[in-house]
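S.K.: have a look at this prediction, sequence included:
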Amino acid sequence: MKTYIVGGAVRDALLGLPVQDKDWVVVGGTVEAMLARGFTAVGKDFPVFLHPHTHEEYALARTERKSGHGYTGFVVHAAPDVTLEDDLLRRDLTINAMARGEDGTLVDPYGGQRDLAAKRLRHVSPAFAEDPVRILRVARFAARFDGFEVAEETLTLMREMVVSGEADHLVPERVWQEISRGLMAPAPMRMIEVLDACGALARCLPEVVARRRIDPLLPGVLRCAVARDLPLAHRWALLVGHDVAAAESASARLKVPLPCRDQAVMLARDGETLSTASSAVARLDLLSRCDAFRRPERLTTLLEAAPCAHPVPGAAVVRWQATLAAAQSVDGGAVARQCADKSAIPAAIRSARLVAIEAADAAVGRG
Ligand SMILES: Nc1ccn([C@@H]2O[C@H](COP(=O)(O)OP(=O)(O)OP(=O)(O)O)[C@@H](O)[C@H]2O)c(=O)n1
Ligand SMILES: [Mg+2]
């Protein structure tokens, strides 16, 4: 029985990047032998085990053959006669199909090092086409390893997978998982470009295909999000929050987390208004729409994201903070107690907030 580190850990070490988690492959092993060594079986579809101490994942070397659509329906063959080369052959990209033995030797049967040096994302074999998630993975790796290009033959294969309808079997959760990781990578625009080049963008994010046609600023918008180290909800908002309908449909299709959806809708609805709302009433209305009195952090997030998409002068940011502070200084309970008629409370609070905002404006005006 021999064990090797495989996949991302080998790749990242060769790139000089920090290694996140290590995956291991076991050649010549059996389920019984693993259990006898104290490993815990965790795999549902194929034999994977957790190391008794490090809790890292150890998978028996296996081959896979497609038997259905999407990424269900694999016939898995894991047995002591499956070689390391067999196991590496079923993997997605050559740069992910290298292994390192316990003595440190690198096993690289499919040109992974060469492709790393050439900055090339190239599939290992036609088996790539058996898993549509790999289309998204390639796009995500393009975003993560800026400067890497998708090999022409791989892009062709990805296009064929889209045309054949294989990409339609992707479930929203997996699409979002990959898109969100790509958004947090150093070059999110590369992910969008690769997905568009193979036709997958039109399937999973048609809103962005439409936007790319009309908005030449999108690359700059995403670069800005990276430069400012903005979190995921902001980046999602900057990708699809150019239009309320787009923000809503894209967020619903991919079942994105609610904070991401809310921020995209908020940016679409109010991103531009941030720099145009000048009257006290307009500013009060924007704060109400964003629910900023109950959740002041929503104004903060809007102010953080919007400047990447719309010019928001620094003075406007200061003014918004002052506006919110003024409106929040109103004691809602006290106003309510002065209302004889309960139904008059919301309007009374609104008037009091408006007065407070106008007073703050006047104070600034007086310098
Ligand atoms: N759809 C997939 C998912 C994974 N793999 C293989 O399984 C390895 C481990 O998968 P995973 O941890 O998901 O990806 P990594 O390449 O390790 O990248 P990351 O750094 O994002 O974990 C990959 O390197 C690749 O060899 C694959 O071929 N096809
Ligand atoms: Mg990994």
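M.R.: Arrived safely, thanks for sending. In this text, all values refer to a predicted model and were calculated from it rather than measured experimentally. Numbering: from 1, shown residues only. Ligands and ions are numbered 1, 2, ... in the order given.
S.K.: can you tell me which residue of the stretch 151-300 of the chain sits closest to ligand 1?
M.R.: Ranked by Cβ to the nearest ligand atom, the top residue of the stretch 151-300 of the chain for proximity to ligand 1 is residue 181, at 7.0 Å. Every residue, glycine included, has its C-beta placed from N, CA and C.
S.K.: could you break the chain into its assigned domains?
M.R.: What automatic domain parsing lists as the domains of the chain is 1-111, 132-253, 273-366.
S.K.: closest one to residue 120 among the ones you listed?
M.R.: In terms of Cβ to Cβ, the element of the domains of the chain nearest to residue 120 is domain 132-253, at 5.3 Å.
S.K.: follow-up on the earlier one: quick one: pLDDT of the residue of the stretch 151-300 of the chain closest to ligand 1?
M.R.: What the model reports as pLDDT for residue 181 is 98.
S.K.: for it, give me its contacts.
M.R.: By Cβ atoms under 8 Å, 6 or more residues apart in numbering, residue 181 lies in contact with 140, 144.
S.K.: in which helix or strand would I find it?
M.R.: helix 172-183 (DSSP states H and E).
S.K.: tell me how many other residues surround residue 109.
M.R.: Neighbourhood size, residue 109 [other Cβ atoms under 10 Å]: 16.
S.K.: sorry, that was for residue 85
M.R.: As a measure of burial, residue 85 has 14 neighbours, counting by other Cβ under 10 Å.
S.K.: the protein: strands as residue ranges?
M.R.: Assigned by DSSP state E, the strands in the chain fall at 2-6, 23-27, 40-41, 48-50, 57-60, 62-66, 74-78, 99-101, 106-107, 120-121, 149-150.
S.K.: for those, which one sits closest to residue 189?
M.R.: Closest among the strands of the chain, once you apply Cβ to Cβ, is strand 149-150, at 14.1 Å.
S.K.: got the contact list for that closest one?
M.R.: For strand 149-150, contacts defined as Cβ under 8 Å, 6+ apart pick out 119-122, 138, 142, 158, 194, 197.
S.K.: list the neighbouring strands of it plus their orientation.
M.R.: Partners of strand 149-150 in the sheet, by DSSP bridges, are strand 120-121 (parallel).
S.K.: roughly how far is the partner strand from the heart of the chain?
M.R.: 21 Å (Cα atoms, centre = their mean, to the nearest Å).
S.K.: does it reach ligand 1?
M.R.: No. Applying Cβ under 6 Å from any ligand atom, one finds strand 120-121 separated from ligand 1 by no less than 11.4 Å.
S.K.: which residues sit in contact with the residue nearest to the spatial centre of the chain?
M.R.: Centroid-nearest residue in the chain, with Cα atoms, centre = their mean: residue 180, separated by 0.7 Å. By Cβ under 8 Å, 6+ apart, the contact list for residue 180 reads 232, 236, 256, 260.
S.K.: if we use 6 Å, what do you get?
M.R.: Residue 180 makes contacts with residue 232, as judged by Cβ atoms under 6 Å, 6 or more residues apart in numbering.
S.K.: so where's the stretch 51-200 of the chain shaky on pLDDT?
M.R.: Within the stretch 51-200 of the chain, the segments meeting pLDDT under 70 span 69-72.
S.K.: close to ligand 1: what parts of it are there?
M.R.: By the rule Cβ under 6 Å from any ligand atom, the part of the stretch 51-200 of the chain lying against ligand 1 is 91-92, 96-97, 131, 133-134, 137.
S.K.: farthest-separated two in these?
M.R.: Pairwise over these, using Cβ to Cβ, the maximum falls at 97 and 133, 16.1 Å.
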